[in-house]
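> could you look at this predicted model? Sequence included:
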Amino acid sequence: MELNYQEQGFKCGLECHQQLEGKKLFCNCPTLNSDKEADLVVERKLRAVAGETGEIDIAAEFEMLKNKKIIYEGNSEDICIVETDDEPPHELNKQSLETALKVALLLNAKIVDEIQVMRKTVVDGSNVSGFQRTALIAMDGYIDSATGKISVPTICLEEEAAQKVEEGKDFVRYRLDRLGIPLIEIATGAEIKNPEHAKEIASHLGMILRSVEGVKRGLGTIRQDVNISIKEGARTEIKGFQDLRSIPKVIEYEVKRQIESVKQGKKLEKEVRKAEPDFTTSFLRPLPGAARLYPETDVLPVKIEKSYLDKLKKQLPKLLIHKIEDFEKKYKLPHQLAKELIDDENFESFVKKFRKIEPLIIANTLINLPKEIKSRFNLDSSKLTTKDFEETLSYLNEGKIAKEAVIDLIVKKIKNEKIDLKHFESVSEGDLENEIKEIIKQKPGLSLSAYMGLVMSKHRGKVDGKKIMELLKKYVKNHNLQN
C-alpha cells in the first residue's frame, strides 16, 4: 500500500555512531581491531544496578534475567586490564575529544562548558564493567536539508562496545579488541519527513564525519540507528543497518508493521528491534530509558575553554562535498568520479608527476579501470599496488604505449606476467593512414565496423580507437566518392 507518512503522524530521527582512529578512549591501547588469536580469556556474570533516578533500567533488567555466562577473549596487542575492568580508566583521550569537537562544530552545535563522563548501564555483556562510559560534548546543532533544518539535540563521545562472536543457550562470547574504541554518537531530532529523507540525512552525516581527520574509514566503523513512531504506535529503535540503501525499505516495513498492529487492536510497547537482511525487523529488547545513567567517578570532568574552541574553529576542515566540487572544477571530472577520488591518495600526485596525461585518464585508470577488469576478466584488482599504477602511467606519459594499452598492462600486472613493451609500441599516424588505405583498397565495400575490426585485430592496445574511426570515415568516404 502507498503510505502517506504525514497522515500517519510519522516521526523519525537518526542516531549515528562513528569510530575514531588513534588510541582508545580511556587507555593507551591502539584502535587496531586485532584479529589475532586470543591470548587472554575472562569469564563474568553481570547484574544491573540502579541509575541516578534510583531505579533499575527496564532494558538492563531484561538482559540480567537471562543469567548467561559472559566469556571475553582478546589479544594483548590491543587490550589491557582497563578493558577487562581490572584497572580504573585513564583520563579522557584528548585527541579523540578534539576530533569529536570539530565534528560538533561542523554540525553547528553549542559545545558544553564542562564535560562530565557518565555511566550508562549495559548488562548484555558488551561492556565488561556492566556499563558504557559516555560524555555529552555538544547540544542544539542542526543540519540543512532539502526540506528544512534537522535539529541535532545531542552529540556524545563514548566508548565502543565489545563485539559479540557467539551466543549459546547459557553463554555469550565477545571479542575485546573493539571495546573502548572512541565513538562519536550524533542524535538528530524527529523532523525527518519520510524514508528517503532519512537516507539523505544519514548520507549527509556520513559526509561530515568523513571530512574530519581522525575518523575511521571502512566497513563496520560507522553504524546508523533509526528511531521511528506513528500515531497510536510506539517509539521503536531499529539497529543493524548494513548500508544506507536499506534505510528506506526497513522504515517502510516497520511503519506498515505498526499500522497493522494498531488495526488489530494490539498495544505497542517501546522497544529496540533489529533490521534483518530482508528489510523486516525483529524484537531485541525493551527500549532503555534515563534510569540507566549515573555519574562516572573514576574520570575527572574536562573544562572546555573559549580560547581552545576559537582555535578549533580556525582549524575546521573543508567539507567533503566542497572538496568534491573543487575536484570537479579543477580537473574537469564527472561528479561521481570526483566523489570516488576524494579518498584516493595517489590521484593528485600522479597528476603533478604525469603532466602529459589528462587528469580524466588518470582518474579513470585509478577508479574505473579496476572495476572493468573485475567484471570483464574476473580478476582480483585489489592486488594492484601504487607501484603498478605508477609504472603503467609512466609508460603512457613517456609515449611508450597508447592509452588503450593501459588495461592490458594492468591485467598483466595482476597475473604477474612479464611485460614486453615492444608488443604495445604505438603506431605512427602516417603508418596507420597508409595501412587503412591499403585495407580499403584490398577489401572494398565493407562496413565501417568491419574495417574497424580488421584494424583493431592487429593494433588493439597500440592505437586510439577514436583515431582509427576518424581515419576510416575519411578514407571510406573518399574511396566511395572516387568509385
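Right, received. Where do you want to start?

> for residue 174, see how far away the spatially most central residue of the chain is.
Here the mean C-alpha position of the chain is nearest to the C-alpha of residue 218 (CA atoms, centre = their mean), at a distance of 5.3 Å. Note on residue 218: its distance to residue 174, by CB to CB, to the nearest Å, is 21 Å. Backbone N, C-alpha and C define where each C-beta goes, glycine included.

> over to residue 153?
As for residue 153, its distance to residue 174 is 31 Å (criterion: CB to CB).

> with residue 148 instead?
42 Å.

> for residue 323, same thing?
Distance of residue 323 to residue 174, given as CB to CB: 38 Å.

> between residue 153 and residue 174, which one's more packed in?
residue 174 (26 against 16; other CB atoms under 10 Å).

> tell me the SS of that one?
When classified by DSSP: H, G, I helix; E, B strand; the rest coil, residue 174 comes out as strand.

> what bridges to it?
When bridges are called by DSSP bridges, residue 174 pairs up with residue 72, residue 164.

> okay, and for the stretch 1-150 of the chain, where does confidence drop off?
1, 46-54, 56-66 (pLDDT under 70).

> just the helices in it please.
58-64, 94-106 (DSSP state H, counting those that start in this stretch).

> pull the residues that contact stretch 141-155.
Here stretch 141-155 makes contact (CB atoms under 8 Å, 6 or more residues apart in numbering) with 100, 103-104, 107-110, 136-140, 184-189, 191-193, 197, 200-201, 204-205.

> how about 10 Å then?
Defining contact as CB atoms under 10 Å, 6 or more residues apart in numbering, one finds that stretch 141-155 is touched by 13-16, 100-101, 103-112, 136-140, 184-194, 197-198, 200-201, 204-205, 208.

> now the residues you listed: which count as buried?
The neighbour-count test (16 or more other CB atoms under 10 Å) marks 13-16, 100-101, 103-107, 109, 111-112, 136-138, 184-194, 197-198, 200-201, 204-205, 208 as buried among these.

> so in the chain, which strand runs the longest?
Counting residues, the longest strand found in the chain (DSSP state E) is strand 131-145.

> okay, angle between that one and helix 94-106 too, please.
If you take axes from the mean of the first three to the mean of the last three CA atoms, to 10 degrees, strand 131-145 sits at 30 degrees to helix 94-106.

> in its sheet, what does strand 131-145 sit against?
Sheet pairing of strand 131-145 (DSSP bridges) gives strand 110-111 (antiparallel), strand 117-121 (antiparallel), strand 148-159 (antiparallel).

> nearest residue to residue 436 in space, please, no chain neighbours.
Spatial nearest neighbour of residue 436, chain neighbours left out: residue 471 (5.1 Å); criterion: CB to CB, 6 or more residues apart in numbering.

> and the gap between the one you found and residue 263?
71 Å.

> which of the two has more residues huddled nearby?
residue 471 (20 against 9).

> let me see the mean pLDDT of the strand or helix carrying that one.
Here residue 471, judged by DSSP states H and E, is contained in helix 465-482. For helix 465-482, the mean pLDDT works out to 68.

> got it, and stretch 157-173?
Averaging pLDDT along stretch 157-173 yields 92.

> quick one on the thing from earlier: what's the separation between the residue nearest to residue 436 and residue 166?
Taking CB to CB, one finds residue 471 at 66 Å from residue 166.

> go on, residue 24?
The spacing between residue 24 and residue 166, counted by CB to CB, is 23 Å.

> who has more neighbours, those two?
Neighbours were counted for residue 24 and for residue 166 using other CB under 10 Å; residue 24 has more, 27 against 11.

> report the contact partners of the residue lying closest to the more buried one once chain neighbours are set aside.
Nearest residue to residue 24, sequence neighbours excluded (CB to CB, 6+ apart): residue 180, at 3.8 Å. Neighbouring residues of residue 180 by CB under 10 Å, 6+ apart: 23-27, 29, 31, 78-80, 82-83, 89, 93, 127-128, 133, 159-162.

> phi, psi for residue 180 please.
The phi and psi values for residue 180, taken as degrees, to the nearest 10, are phi 90, psi -10.

> show the pLDDT at it.
96.

> ok, now how distant is it from residue 287?
Separation of residue 180 from residue 287 (CB to CB): 25 Å.

> now residue 383
Residue 383 is 46 Å from residue 287, by CB to CB.

> then residue 190?
Applying CB to CB to residue 190 and residue 287 gives a distance of 15 Å.

> also residue 360?
The spacing between residue 360 and residue 287, counted by CB to CB, is 51 Å.

> ok, the two, which is more surrounded?
Taking other CB under 10 Å, residue 360 and residue 287 do not tie; residue 287 has more neighbours (17 against 13).

> ramachandran coordinates for that one?
phi -70, psi 120.

> chain neighbours aside, what residue packs nearest to it?
In this structure, residue 287 finds its nearest non-sequential neighbour in residue 270, 3.8 Å apart by CB to CB, 6+ apart.

> kindly report the same for residue 320.
Nearest residue to residue 320 in three dimensions, chain neighbours excluded: residue 211, at 4.3 Å (CB to CB, 6+ apart).

> roughly how far apart are residue 349 and residue 31?
With CB to CB as the criterion, residue 349 and residue 31 are 27 Å apart.

> more neighbours, these two?
Per other CB under 10 Å, whichever of residue 349 and residue 31 has more neighbours is residue 31, with 23 against 12.

> and the closest residue to the more buried one other than its chain neighbours, what does it touch?
Sequence neighbours aside, residue 181 is the residue nearest to residue 31 in space, at 4.6 Å (criterion: CB to CB, 6+ apart). Listed by CB under 10 Å, 6+ apart, the contact set of residue 181 reads 19-25, 29-33, 78, 96, 159-161, 216, 221.

> buried subset of those residues, written for PyMOL?
Per 16+ other CB under 10 Å, the buried members of the contacts of residue 181 correspond to this PyMOL selection:
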select buried, resi 19+20+21+23+24+25+29+31+33+78+96+159+160+161+216+221
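
> hmm, residue 175 is touching residue 128, no?
No: applying CB atoms under 10 Å, one finds residue 175 not in contact with residue 128, separated by 11.8 Å.

> shared neighbours, the two?
Common neighbours of residue 175 and residue 128 (criterion: CB under 10 Å, 6+ apart): 72, 162.

> please parse the protein into its domains.
When the chain is parsed with automatic domain parsing, its domains come out as 11-308, 320-424, 429-482.

> starting at the chain centroid, how far to the longest one?
Going back to what we said before, that points to domain 11-308. Counting by CA atoms, centre = their mean, to the nearest Å, domain 11-308 is centred 16 Å from the centre of its parent chain.

> now do that domain: distance from first to last residue.
End-to-end distance for domain 11-308: 37 Å, by CA to CA, to the nearest Å.

> so which strand or helix has the residue nearest to residue 328 when sequence neighbours are not counted?
Leaving aside its chain neighbours, residue 328 sits nearest to residue 338 (4.6 Å; criterion: CB to CB, 6+ apart). Using DSSP H and E, residue 338 maps to helix 335-341.

> can you name every helix or strand that that helix contacts?
helix 320-331, helix 347-353, helix 359-377 (3 or more CB pairs under 10 Å, 6 or more residues apart in numbering; DSSP states H and E).
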